[in-house]
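Q: attaching a predicted model along with its sequence, questions to come.
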Amino acid sequence: MGKGYGQYCPISRAAEVVCERWTPLILRELMSGSRHFNEISYGVPLMSRALLIKRLKELELAGIITRQEKAVGQGSVYLLTPAGEALRPLIDQMGIWATQWTRDRLLPDELDDQLLMWAMRRSVNLKAFPSAKVVLQFDLRGLTRGKQKERSYWMVVESERVDVCFQDPGFEVDVVIAADLSAFTHVVMGYESLDQALKVGSITFEGPSDYVQQLPTWLYLRGEGRYASGLAPFVVGKMA
């Protein structure tokens, strides 16, 4: 940990553990189900791997997480301790507060297509999906990071499992979602209306009519119960 505040105040002592740069985001990933180093790293793509290793060690020393060797293969599994689990309401409330009070300040350089898709894997309404495998293709334009201005991602949902692919998995696509990254991010986060985005064409759906009609419910794009269920991206209420 960095230099402490030198105060006995419980708030200062908690801040010494939780308020290090990147630490709340690492906790967000762990609370959302990430267990392995690469999974956590995907959720904090701008964080160096060396710093992630350092922060994980600090959290382990603080008693917030434990590190266990994998039962099979190399590497470690990172798990929250009871002290770490007790921080869940705090991280939840940070996300809820920002959703309510900073929604008008989502800047272009804060848009991140890879992080958005990685987060969406944990924010789908699995109970609403059909029993058969469903493949969604996301064609995103207006990217702000790197030289690419357009990129496609795929989401494969089958047997209550969600996989997000950064390369074409080779399956037949059921629905194509073509969208401006900014518009899609605002809709996913609940900052703007899906119906308005569809009306102006910043988001379009292409596929069988029954799937297209169900898609907003599958992805909580109209906000149906997403915050109450703890399934919104970056809001990490414990998942069943």
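A: Great, that's in hand.

Q: secondary structure element holding the residue nearest to the spatial centre of the chain?
A: In the chain, the residue lying closest to the centroid (C-alpha atoms, centre = their mean) is Ala119, at 2.1 Å. According to DSSP states H and E, Ala119 maps onto helix 113-120.

Q: which residues are in contact with that helix?
A: For helix 113-120, the external contacting residues (C-beta atoms under 8 Å, 6 or more residues apart in numbering) are 32, 42-43, 45, 138, 140, 143, 145, 151, 153, 155, 164, 166, 181, 184-185, 188, 219, 233-234. Any C-beta I mention is one placed from the backbone N, CA and C, and that applies to glycine too.

Q: quick check: buried residues in stretch 78-89?
A: For stretch 78-89, the buried set under the neighbour-count rule, 16 or more other C-beta atoms under 10 Å, comprises 78, 80, 84, 87-88.

Q: got the domain ranges for this structure?
A: Domain assignment for the chain by automatic domain parsing gives 10-101, 106-229.

Q: mean pLDDT and distance to Lys3 added to those domains, as TSV?
A: Supplementary listing: those in TSV, determined by pLDDT from 0 to 100; distance: least, C-beta to C-beta, whole Å:
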stretch	mean pLDDT	distance to Lys3
domain 10-101	92	9
domain 106-229	90	29
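
Q: for Gly4, find the nearest of the ones you listed.
A: Of all the domains of the chain, the one in closest proximity to Gly4, counting by C-beta to C-beta, is domain 10-101 (4.8 Å).

Q: sorry, back to before: as TSV, the domains of the chain with distance to Gly4 would be great.
A: Supplementary listing: the domains of the chain in TSV, determined by distance: least, C-beta to C-beta, whole Å:
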stretch	distance to Gly4
domain 10-101	5
domain 106-229	30
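
Q: how about the buried residues of stretch 78-89 in JSON lines, adding distance to Leu56?
A: Compiled in JSON lines, the buried residues of stretch 78-89 are given as follows (distance: C-beta to C-beta, whole Å):
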{"residue": "Tyr78", "distance to Leu56": "6"}
{"residue": "Leu80", "distance to Leu56": "12"}
{"residue": "Gly84", "distance to Leu56": "12"}
{"residue": "Leu87", "distance to Leu56": "15"}
{"residue": "Arg88", "distance to Leu56": "18"}
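
Q: show me which pair in these is furthest apart.
A: Put simply, by C-beta to C-beta the two of the buried residues of stretch 78-89 set farthest apart are Tyr78 and Arg88, 15.3 Å from each other.

Q: just the ones in helices from the buried residues of stretch 78-89, please.
A: Within these, residues falling in helices by DSSP state H are 84, 88.

Q: much appreciated, bye for now.
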